[in-house]
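Trainee: This is the structure alone, sequence omitted:
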């Protein structure tokens, strides 16, 4: 129940960002949490040691979103968001530049490399901070 309504145009719930923050605050303060979301500007900077922004080539993204049933404005806006690097720019404005990293997300091989890279970062961070 972290929603404040439904967006008919985008055919999706409207997230209540304040409720999300309230719900996650205790968990985030404990540490060791990975947050997977397509935006970041409302999450407190203190929550994160690193931020990964997944990037996708437009042709891959179009096919991916179309296969999920995205059409019209929802499809167009998501493609434009990637073209203009909106989520990457949002992350750079929301967090220290040195903790924001882009990762390619076009193929299953990219997924494997990304997981390996993230696991390596976690292992190194644990060594450095424990």
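Mentor: Everything's here; your move. Since the structure is predicted, the reported quantities are computational estimates derived from the model, not experimental observations.

Trainee: What count of nearby residues applies to residue 63?
Mentor: Close neighbours of residue 63, defined as other CB atoms under 10 Å, add up to 11. Heads up, the C-betas are built off the backbone N, CA and C, glycines and all.

Trainee: where's it relative to residue 9, distance?
Mentor: 23 Å (CB to CB, to the nearest Å).

Trainee: Repeat that for residue 15.
Mentor: 15 Å.

Trainee: quick one, which of these two is more surrounded?
Mentor: For residue 15 and residue 9, the more surrounded residue by other CB under 10 Å is residue 15, and the numbers stand at 16 against 9.

Trainee: contacting residues around that one?
Mentor: By CB atoms under 8 Å, 6 or more residues apart in numbering, the contact list for residue 15 reads 2-4.

Trainee: Going by distance to residue 37, which of the residues you listed wins?
Mentor: Nearest to residue 37 out of those is residue 2 (CB to CB; 11.7 Å).

Trainee: Touching, the closest one and residue 24? I think so.
Mentor: No. Using CB atoms under 8 Å, residue 2 makes no contact with residue 24, being 9.5 Å away.

Trainee: what's the pLDDT at residue 83?
Mentor: On the pLDDT scale, residue 83 is placed at 96.

Trainee: which non-adjacent residue is nearest it?
Mentor: The shortest distance from residue 83 to any non-neighbouring residue, by CB to CB, 6 or more residues apart in numbering, is to residue 58 (6.4 Å).

Trainee: I'd like to know the phi and psi angles of residue 57, please.
Mentor: Phi and psi for residue 57, reported as degrees, to the nearest 10, are phi -60, psi 140.
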